[in-house]
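*Asks:* need a structure here:
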Amino acid sequence: MEITKESSRPLDLGIITPEALLSHWQGHRKLTRQVIQAFPEEQLHTYSIGGMRTFFELAKEIMGLSGTGIRGIVTGNWDFLPEEDYRPGKSTIKTKEELLRVWDKVTNDINTFWWQIPAERFKETIKSFGQWEGETTNIILYWIDNEIHHRGQGYVYLRSLGIEPPPFWNRY
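*Replies:* Prediction:
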């Protein structure tokens, strides 16, 4: 996935540029999409180990945080869109095909909204979803960490089903 921008935006985040952070995040999203694709439809919805949520539910959580979150950073509106609402009983997504379609929409939304984030906002303290306060960059890093954590659960599920997951290093 190629990430482009229209104008230069110098900003020192300390160790990573906004462009590199977006590329890193989208690399993880590409890999998580491959994990979704690896699941058979039925197991995506039903399979769990030790009382953990299904990967279908985990993937919807990732989309809800990412899609709603990126819009929230730009607009200040932290309300879930129906297709991204991962809370129990709220999601309109029912199939793997719908999940992948919305996943791709969220990926495009991230790419679109990213370039609307004013440079100074990355260092501002925000209150995401009206609950979690922190520096914008740290909030985004949490969403990436959350995705990696849940993708790891997906890897365990796939391996226990006898399915080889995609190579974890193949993010680009």
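*Asks:* Tell me where the longest helix sits in this protein.
*Replies:* helix 136-160 (DSSP state H).
*Asks:* buried ones in that one?
*Replies:* For helix 136-160, burial by neighbour count (16 or more other Cβ atoms under 10 Å) applies to 136-137, 139-141, 143-144, 147, 150-151, 153-155, 157-158. Placement of C-beta: from N, CA and C, glycine included.
*Asks:* Can you give me the pLDDT of the residue nearest to Arg121 when sequence neighbours are not counted?
*Replies:* Nearest non-adjacent residue to Arg121, counting by Cβ to Cβ, 6 or more residues apart in numbering: Thr136, 5.4 Å away. For Thr136, the model assigns a pLDDT of 96.
*Asks:* can you give me the helices for this protein?
*Replies:* Counting by DSSP H, the helices of the chain are 18-38, 41-46, 55-63, 69-75, 96-114, 136-160.
*Asks:* what helices or strands is the longest helix of the chain leaning on?
*Replies:* Judged by 3 or more Cβ pairs under 8 Å, 6 or more residues apart in numbering; DSSP states H and E, the packing partners of helix 136-160 are helix 18-38, helix 55-63, helix 69-75, strand 125-128, strand 132-135.
*Asks:* Kindly export the longest one (C-alpha atoms) in PDB.
*Replies:* Same thing as helix 18-38. Written as PDB, here are the backbone C-alpha positions of helix 18-38 (Å, rounded to 0.1, in the frame of the first residue of the first chain):
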ATOM      1  CA  PRO A  18       3.900  11.300  10.900                       C
ATOM      2  CA  GLU A  19       4.400   9.700   7.400                       C
ATOM      3  CA  ALA A  20       6.400   6.900   8.900                       C
ATOM      4  CA  LEU A  21       3.900   6.300  11.700                       C
ATOM      5  CA  LEU A  22       1.100   6.100   9.100                       C
ATOM      6  CA  SER A  23       3.100   3.600   7.000                       C
ATOM      7  CA  HIS A  24       3.800   1.500  10.100                       C
ATOM      8  CA  TRP A  25       0.200   1.500  11.100                       C
ATOM      9  CA  GLN A  26      -1.000   0.600   7.600                       C
ATOM     10  CA  GLY A  27       1.500  -2.200   7.500                       C
ATOM     11  CA  HIS A  28      -0.100  -3.700  10.600                       C
ATOM     12  CA  ARG A  29      -3.500  -3.300   9.100                       C
ATOM     13  CA  LYS A  30      -2.400  -5.100   5.900                       C
ATOM     14  CA  LEU A  31      -1.200  -8.000   8.000                       C
ATOM     15  CA  THR A  32      -4.300  -8.100  10.200                       C
ATOM     16  CA  ARG A  33      -6.500  -8.200   7.000                       C
ATOM     17  CA  GLN A  34      -4.600 -11.300   5.900                       C
ATOM     18  CA  VAL A  35      -5.300 -12.900   9.200                       C
ATOM     19  CA  ILE A  36      -9.100 -12.200   8.700                       C
ATOM     20  CA  GLN A  37      -8.800 -13.700   5.200                       C
ATOM     21  CA  ALA A  38      -7.200 -16.800   6.500                       C
END
